[in-house]
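1. Sequence first, then the predicted structure:
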Amino acid sequence: MKNTLVAVVAVCLAVVPAFAESERLMFGGPTMGTTYHVRLVAESADVDVSGLQADIEALLAEIDRQMSTYRDDSELSRFNRAPADRWFAVSAATAKVVAAAQEISRKTDGALDVTVGPLLQLWHFGPDAATNVAAKADLPTDEMLKAARTHVGYEKLEVRLNPPALRKLTDRLEVDLSSIAPGYAVDRMAAILAEPGIDNFMVEIGGEVRTAGRRSDGKPWRVAIERPLVERREMQMALPLVDAAISTAGDYRKFFEHAGRRYSHIINPATGRPVEHSLASVTVVADTCIEADGWDTPLLVLGPERGFQCAKENGIAALFISRDKPREAARATPAWRERFEN
């Protein structure tokens, strides 16, 4: 059964060099319409792997009950059906994720907008529509987009942390946290591993990655960034990642073609349409995965120039890859260069 809050998964792939199975522990499984994986260095024989896996899967099930838009009984789905102008009680976790998204929305002039769901639906990328759309799919008209945009806008959503609650300022406003909730879940997984004193691990959900410590050979965990190619998978570069998180947004894995034109799942809330610039992917590295996951998509929406400037102004370590540049070309922000040159 598909119970997921992820309509879009990141394109950052974890790459872990081989070393003796006795030196590491691995487990994973399905979650949020994708998969999760945990790799940790076995520092003692007393590591309770089955207990850790049970705790992590219980956590992921809880987050799904809170934030899924694929479950009618999730608290987010119930909020989406609720009337406007009333505070709707939610869990502290849901309020925290919405508050984090709203902060990024303000810093990016709405390029991140968790209320963009109606536009995703019109472009056949919502939870109730097939994401692999046939070439003959009808495209939304200007009138349809104009009507949908009256129910979209992060400024029409309010959140409070104590007591945790959400409030919509207009009816038919809906919240979809697929652009940031996986990162939050990764951070919570990391906290479960750190609590009993596990210092060296890598956790991942659908390409959202966070690492702690190092591999058993003392070297950093390594994470690969894909080259933004539609027809095949190639590695752009491999990064050493120590006590950090990474997330990539790209427009080259989820798209459909209509009348010889390609439409990606990356929607610009300002226009209601898929982005049309040359920027193909943005990778963000941060201390937490909720930050990395929250920033990559809006920077991609803003494009190669506005996005880069926004990342610089906010001190975001980001790598911008455009499809109109040579194979090796990638543009890094000062914060990215500082993090990896050191």
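-> That came through fine. Numbers count the residues shown, from 1 in each chain.

2. Buried residues, stretch 207-218. List them.
-> Within stretch 207-218, the residues scored as buried using 16 or more other CB atoms under 10 Å are Gly207, Glu208, Val209, Arg210, Thr211, Ala212, Gly213, Arg214, Arg215. Using the backbone N, CA and C atoms, a C-beta is placed for each residue, glycine as well.

3. what do you get for stretch 157-167?
-> Going by 16+ other CB under 10 Å, stretch 157-167 has these buried residues: Leu157, Val159, Pro164, Ala165, Leu166, Arg167.

4. ok, back up a step: now, which of the buried residues of stretch 207-218 sits nearest Ala286?
-> Arg210 (9.5 Å; CB to CB).

5. Same list, the buried residues of stretch 157-167, but as a markdown table with secondary structure and distance to Arg86 please.
-> Formatted as a markdown table, the buried residues of stretch 157-167 follow (DSSP: H, G, I helix; E, B strand; the rest coil; distance: CB to CB, whole Å):
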| residue | secondary structure | distance to Arg86 |
| --- | --- | --- |
| Leu157 | strand | 13 |
| Val159 | strand | 14 |
| Pro164 | strand | 15 |
| Ala165 | strand | 9 |
| Leu166 | strand | 10 |
| Arg167 | strand | 7 |
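
6. and the two most separated of those?
-> Checking these with CB to CB, the most distant pair is Leu157 and Pro164, at 14.0 Å.

7. In a markdown table: the buried residues of stretch 207-218, plus secondary structure.
-> Below are these laid out as a markdown table (DSSP: H, G, I helix; E, B strand; the rest coil):
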| residue | secondary structure |
| --- | --- |
| Gly207 | coil |
| Glu208 | strand |
| Val209 | strand |
| Arg210 | strand |
| Thr211 | strand |
| Ala212 | strand |
| Gly213 | coil |
| Arg214 | coil |
| Arg215 | coil |
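
8. Quickly name whichever of those residues is closest to Ala82.
-> Of the buried residues of stretch 207-218, the one sitting nearest to Ala82 (CB to CB) turns out to be Glu208, at 28.8 Å.

9. Quick one: residues contacting that closest one.
-> Glu208 sits next to Ala10, Cys12, Pro182, Gly183, Val186, Ala245, Ile246, Ser247, Cys289, Ala292, Asp293 when contact means CB atoms under 8 Å, 6 or more residues apart in numbering.

10. Going by distance to Tyr36, which of these wins?
-> Out of these, the member with the shortest distance to Tyr36 (by CB to CB) is Val186, at 8.3 Å.
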